[in-house]
Every structure is written in C-alpha cells, then in structure tokens.
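Enquirer: model this:
(4 chains)
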Number of protein chains: 2
Amino acid sequence: MADKAPPPAVRDGFELDAAQRSLPIALLRAREMVMERFRPMLNAHDVSEQQWRVLRVLRESGAIDATKLAERACVLAPSLTRMLRSLEARGLIETRRDPKDRRRTRVALTAQGDAFLRAASPQSAAIYAQLETEVGAQRIARLLDELNGFMAALDQSQGPPKR
Amino acid sequence: MADKAPPPAVRDGFELDAAQRSLPIALLRAREMVMERFRPMLNAHDVSEQQWRVLRVLRESGAIDATKLAERACVLAPSLTRMLRSLEARGLIETRRDPKDRRRTRVALTAQGDAFLRAASPQSAAIYAQLETEVGAQRIARLLDELNGFMAALDQSQGPPKR
DNA sequence: CCCTTTTGCTTAACATGTTAAGTTTAGCGC
DNA sequence: GCGCTAAACTTAACATGTTAAGCAAAAGGG
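Expert: Have a look, this model is predicted:
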C-alpha cells in the first residue's frame, strides 16, 4: 500500500503491471547505472564483472572450495567452471583437488593474481569514492540498509541460508 | 603458494573492498532473490525474464520502435534483435519497417501475444502479492523509494536521460 | 561390503550480455 | 544532388546465465 495511484487509465486488468515489474526492474536499472561507472576500469584491465568478483572473493577469503566461491561471488557453478579455466590459463589463480575430499576443487589466488588486484583496486576505490561524492554517502548507506533489510526479510520468510 | 593466505588481519589497503563491492553485489543478490520467486512461473510459460519484460513493455506501450523497446525493457540492442526473431517466429509479436523512416523497426504485440499476457499476468500478480505479504508492502515501498532516489541522484550528477 | 543416495562439480545446449564492426537509411552542409 | 556524418539496427564473436544431464567420490543403510 505505498501509493496505488492510477497512472494510466486502461482498466483491463493490467493496472498492476507497472508496480509488479518495478522492483525487479528498479534493481536491474540501479545496478546497471552503477556498473556503468566501473565498466571502463574493468575493460581497461581486461576482466569481466564476474571475473572481478571472483578474484576479489579469493583475495578476501583465501583458498576456498569452488562451490563456496561461486556462492560468494554470485556466479553459477557452470559459469565458474569456465571462468576458472580461463583465469588459471591466465595465471591469476590456481586450482587443485582437495586431498581429503576428492570431489572438491580448492581455488586460490596466485602471486600474479594478487599483484593484479593490488594494481587495479585503487582505481576501483576511486570510482566508488566519486560515486559516494556524487550521490551522497548517506543516500548509499540508506539504500544498502533497505537492500539488506529486504533480503533479510526474504530469507526469514522462505529459505534462510540453507535448509 | 596456494592456500596459506591469512584471510583476516591483512592491513594492506584492501579493507575497503567489502564496502566497495557491497552496492553492486547487494543489488545483484536482491534481484536474484526476487526473481527466484518468478522463475518457476516464467519457466512454466516457456519465456525468459527478458522476453517477459519485452512482452510487457509492448503491452503497456503499444507498437514502438525497437530502440525504445530495448530501453524500456532493459535489454541491449543485439539481444533484442535475436529475441524479436524468436518471439515473432512464435507468433507473439510482429515487426515491420517504419515507412517514414526505413531504418526503424516497429514492433507490436499480436492478438496471440496479448492473449498470452492475459493468461500469465494473474500468476505474476499473485507471486508479487505474496512477496508483499511476506516482506511487507511498506518495506518494499521504502526500498523502491531509495532505489528511485538513488537513480535520480545518479542521473542528475552525470547523464540525466539523453543529452 | 554392496547398493543407493547425495554431494560437488562438469558438460552440453541454448539464450542473453557485451563490445566491435558492418549495413542501410536519414539528415546536413555545400 | 553530392558527399559526409549520424542514426538504427544487424552481425559476429566470445563470456556468462540458466537448465538439464552426466560423472566420480563420499555418505549412509542394510
């Protein structure tokens, strides 16, 4: 019950469409607008958004299993399989079988991968800083709060983490 | 040199990574959590999220140029080109050259496409209604407000709509 | 210990994202 | 009208999203 104002005047059962679509679309647009700022930097370093996420998760988490890496970096398993191949061929990461559970693949950043992140991170930080300056750190903080609150509410009502 | 990395306590300039990544990631995760609810319905009707967006934009906008359609449905031009082919082959839409400007392609929903939307929309509405019930309409409204405010702030500071 | 189920990927197949280049048609300036 | 630039797609090429199968290793159960 936010504001059910009747925007158009087409009374045919489709009045709710705009509202229904607004949340997924708004999330999509907002993300796209943010990534626009980072894309030039990523392209300059020849990495995709997804590769960037994977590398950063590895930097923060250390060596981890492929499944956990996929979860934290928000990429699907099949995508990760392909990405690990190219990232390894590029020398940024290395993979090996977990000796205790040979089903698992342990992934780790190489020294070269670490150097890569150290070189690119400052630019990423600068872009983010500029973003904060332009739209306001407070506004971003509020948005993050709402996003986290929303996700927490969703987790609570349906599938918390793993059941 | 694989998995020794001491994840925590690394004071080396990467402390901000989590914060920098949080906004894009949060937007991605939130959207993914919402779409999870809609995916079963979309799969049941054999349409992708993108196709669904395109069809709904056509329903609301009427016949429009491909470029405007792409903008409103948030899909890239190359993607739309491919999608229009399959949607037309499926009989849900129809395209024709604009006689006044033969560069443009006018896209419109067919009667069959309209019927398709009328059959599927109620389910979409039901899913959205349940989502509102679970997380709270207020919470969703607040999130949408923040998202729109954020996007407006971004537009204002950089590229409004089209300049 | 054998069999079944589950886990953790990996493949395959197809749609879309993303960037760059190519094509056709409009619009402009001279 | 001619040539040039821009607009509106379209194609191409490769990466990723998404779903369904497939495979080998680990867990359980009898």
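Enquirer: and the longest strand seen in chain A, what does it pack against?
Expert: For chain A, the strand with the greatest residue count under DSSP state E is strand A:101-109. Applying 3 or more CB pairs under 8 Å, 6 or more residues apart in numbering or on different chains; DSSP states H and E, one finds that strand A:101-109 contacts helix A:49-61, strand A:64-65, helix A:66-73, strand A:93-98. (Each C-beta comes from the backbone N, C-alpha and C, glycine too.)
Enquirer: of all the ones you listed, which one is nearest B:Asp98?
Expert: Closest to B:Asp98 of the helices and strands packed on strand A:101-109, according to CB to CB: helix A:49-61, at 35.2 Å.
Enquirer: contact partners of the closest one?
Expert: For helix A:49-61, the external contacting residues (CB atoms under 8 Å, 6 or more residues apart in numbering or on different chains) are A:35, A:38-39, A:42, A:47, A:64, A:68-69, A:72-75, A:79-80, A:83, A:86-87, A:92-93, A:107-109, A:113-114, A:116-117, B:7, B:14, B:17-18, B:21, B:24-25.
Enquirer: just to revisit the earlier point, now whichever helix or strand comes after the longest strand of chain A: average pLDDT?
Expert: As assigned by DSSP states H and E, the chain's next helix or strand after strand A:101-109 is helix A:111-135. Mean pLDDT, computed over helix A:111-135, is 95.
Enquirer: is chain B within reach of helix A:111-135?
Expert: Yes. Counting by CB under 8 Å from any CB of the partner chain, chain B has neighbours in helix A:111-135: A:111, A:117-118, A:121-122, A:124-125, A:128, A:134-135.
Enquirer: what about A:Gln138, distance to A:Leu144?
Expert: From A:Gln138 over to A:Leu144 the distance is 11 Å, taken as CB to CB, to the nearest Å.
Enquirer: neighbour count for those two, which is higher?
Expert: A:Leu144 (16 against 9; other CB atoms under 10 Å in any protein chain shown).
Enquirer: residue contacts, the closest residue to A:Leu143 other than its chain neighbours?
Expert: Sequence neighbours aside, B:Glu146 is the residue nearest to A:Leu143 in space, at 4.5 Å (criterion: CB to CB, 6 or more residues apart in numbering or on different chains). Residues near B:Glu146 by CB under 8 Å, 6+ apart: A:139, A:142-143, A:146.
Enquirer: nice, that's everything, thank you.
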